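Q: When you get a sec, could you give me coordinates for this:
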Amino acid sequence: MWKRKHPTVLVAGAGPIGMTAAISLLRQGIDFEIVDKASGPCKHSKACMLSPETMEFLNDLGILDQVLAKSIRLHAVQLFDGGSRLANLSLGELPSPFPFIASIPQMDLEEILLECIEQSGKKIRWNHRIASVQRLQEGLCIEVDRIGKHMMGYAVMHEEKLVDATLQYFPKVLLAADGFHSLIRRLEKIEYEQVGEDFGSVLFEVRRNPREDHVLKLGFSNEGCSAYVPLPHGVGRFGFTSTYVEEFSADRDKSHPIYDEDLEKFPELSESHFNHMVEQRLPSQLGKIKEITWRASVPFGVRLSESIWNQGIFFLGDAARSGFPIGAKSLNLGLPEAGAVVTALTSYLETGDDTELVNVADDIRMEWEDLSSLVYFASDRFTQSKDNGVDPNIILQASPLTGKDLEYVANRLSQVMRIDFLVTN
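A: Sure, this is the predicted structure:
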């Protein structure tokens, strides 16, 4: 069954970046449709920190009050070298009207974004997957498969996903926000260039008796980089870098418990390994951990798309570049970038001149190249200085801060650590 649709813009991917792009399109009065192959929004904390610059953008978008109502505010970053406290960086003097980090589970952020879209009368088409992309003289022809669930089998029933229908979209622009493994990027045969070392991230969400200090804790050791992020309602999120994570242990849209048989495949997710990492990498002043409520093993690579704007297709978020998961750096760059792309897109739709879109794509590329040029998770990642062994470049990459706030912290680190290092703009 074929249905033909003619939105001005098609957004592929309904994560935070794709939904933010959709809201920006709403604000600009641009007609759009948004599709996602998942069955619904995220169900976990995942990327859970928002930088001051990101909050400035969300304030301009008109949704910051809702975000802060579901967040807790982190007013300082504590740095640890192994188990020893290295420095405490207060965020109160950041050059921003929001001098703190907002800690909010990604599922709550997506719920706010989704509600904003639905209040406008728009609906996200979940269970819809891009099948093909063709260029026409006046725009694009994109085939999208609608995926339905069907019960199969006789002795043992199981569920399979089959194509129920195929829709044809004829937009002028496709915003591809479909993640690290972007199907659109692969359909376009665009290289995803490696600009840093591959690694993995092991995530644990826990319930605990909180000694809530509203502080982000970042740990650095020979085993890697680690973070503890307090979340609302007595929940905390641990993140640890790892060199041996090879595949995802959980889907984006599913609450996936870990069973004993899973631990044979993902031994890094065992409770004993979690306890070891907490003991070795982060200090013990975290309150009593009651239980692990969710855990995931996620491979990452520091990547940059060979093309970000390409003949009607603009790649956003992890579809354009990926890496640095500990500090949610990609999220905090990607949300404002989505707004900048839509602003440039408005000019393109009016005049046919894509100069502004080219400039935004160049800015995205240059900023990511600057960040990825810092030493990151390499074997020589720690400098042998007389003061300490932690390379401050890694501290910059592990924080959620961007732009002028990142530069401010870089300057503060130079005072605290008394060693020279690269400052990114």
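
Q: residues in contact with Asn359?
A: Residues near Asn359 by Cβ atoms under 8 Å, 6 or more residues apart in numbering: Ala344. To be clear about C-beta, it is placed using only N, CA and C from the backbone, and glycine gets the same treatment.

Q: Any stretches of the stretch 51-200 of the chain with poor pLDDT?
A: 149-161 (pLDDT under 70).

Q: Can you report how many residues neighbour Cys141?
A: Residues lying near Cys141 (other Cβ atoms under 10 Å) number 15.

Q: Let me know the helix or strand that it is in.
A: strand 139-152 (DSSP states H and E).

Q: In terms of secondary structure, what does that strand contact?
A: Helices and strands touching strand 139-152, by 3 or more Cβ pairs under 8 Å, 6 or more residues apart in numbering; DSSP states H and E, are strand 128-136, strand 158-169, strand 173-176.

Q: quick one: which of those is nearest Arg295?
A: Among the helices and strands packed on strand 139-152, the nearest to Arg295 by Cβ to Cβ is strand 158-169 (24.2 Å).

Q: for Ser90, what are its contacts?
A: By Cβ under 8 Å, 6+ apart, Ser90 lies in contact with 75-76.

Q: Residues in a beta bridge with it, which ones?
A: Beta bridges link Ser90 to Ala76, judged by DSSP bridges.

Q: how about low-confidence regions in the stretch 301-425 of the chain?
A: 373-389, 416-425.

Q: Return the set of buried residues in the strand holding Cys141.
A: Counting neighbours by 16 or more other Cβ atoms under 10 Å, one finds that the buried residues in strand 139-152 are 139-140, 142, 144-147.

Q: Ok, stretch 357-371 next?
A: 357, 360-361, 364-365, 367-368, 371.

Q: Which one of the helices and strands packed on strand 139-152 lies nearest to Leu94?
A: Nearest to Leu94, of the helices and strands packed on strand 139-152 and by Cβ to Cβ, is strand 173-176 at 30.4 Å.

Q: strand partners of that closest one, parallel vs antiparallel please.
A: Counting by DSSP bridges, strand 173-176 is paired with strand 9-12 (parallel), strand 313-315 (parallel).

Q: mind checking how far the longest one is from the chain centre?
A: Pointing back at strand 9-12 there. Its chain's C-alpha centre and that of strand 9-12 lie 19 Å apart, by Cα atoms, centre = their mean, to the nearest Å.

Q: What mean pLDDT does it get?
A: The average pLDDT within strand 9-12 is 98.

Q: Give me the contacts around that strand.
A: 18, 21-22, 25, 30-36, 130, 140, 142, 169, 171-178, 184, 345.

Q: name the helices or strands packed onto the helix or strand where Gly200 lies?
A: Using DSSP H and E, Gly200 sits within strand 199-209. Under the contact criterion of 3+ Cβ pairs under 8 Å, 6+ apart, strand 199-209 touches strand 235-242, strand 288-300.

Q: Going by neighbour count, which residues in that strand are buried?
A: Buried, per 16+ other Cβ under 10 Å, within strand 199-209: 199-206, 208.

Q: relative orientation of that strand and strand 235-242 in degrees?
A: Counting by axes from the mean of the first three to the mean of the last three Cα atoms, to 10 degrees, strand 199-209 lies at 160 degrees to strand 235-242.

Q: Strand 199-209 pairs with which strands, parallel or anti?
A: Strand 199-209 is paired, per DSSP bridges, with strand 235-242 (antiparallel), strand 288-300 (antiparallel).

Q: Residues contacting the shortest one, please?
A: Where contact means Cβ under 8 Å, 6+ apart, the residues beyond strand 235-242 that reach it are 45, 48, 105, 199-208, 210, 224-231, 268, 274, 277-278, 281-282, 286, 289, 293, 297, 325-326, 377.

Q: Out of those residues, which end up buried?
A: Counted by 16+ other Cβ under 10 Å, the contacts of strand 235-242 give 45, 48, 105, 199-206, 208, 224-231, 268, 274, 277-278, 281-282, 286, 289, 297, 325-326, 377 as buried.

Q: So what pairs up with Val173 in the strands?
A: Applying DSSP bridges to Val173 gives these bridge partners: Val9.

Q: ok, now which ones touch Gly352?
A: Here Gly352 is in contact with no residues (criterion: Cβ under 8 Å, 6+ apart).

Q: re the thing from before, which one of the buried residues of strand 199-209 sits closest to Leu263?
A: Nearest member of the buried residues of strand 199-209 to Leu263, counting by Cβ to Cβ, is Val202, at 12.6 Å.
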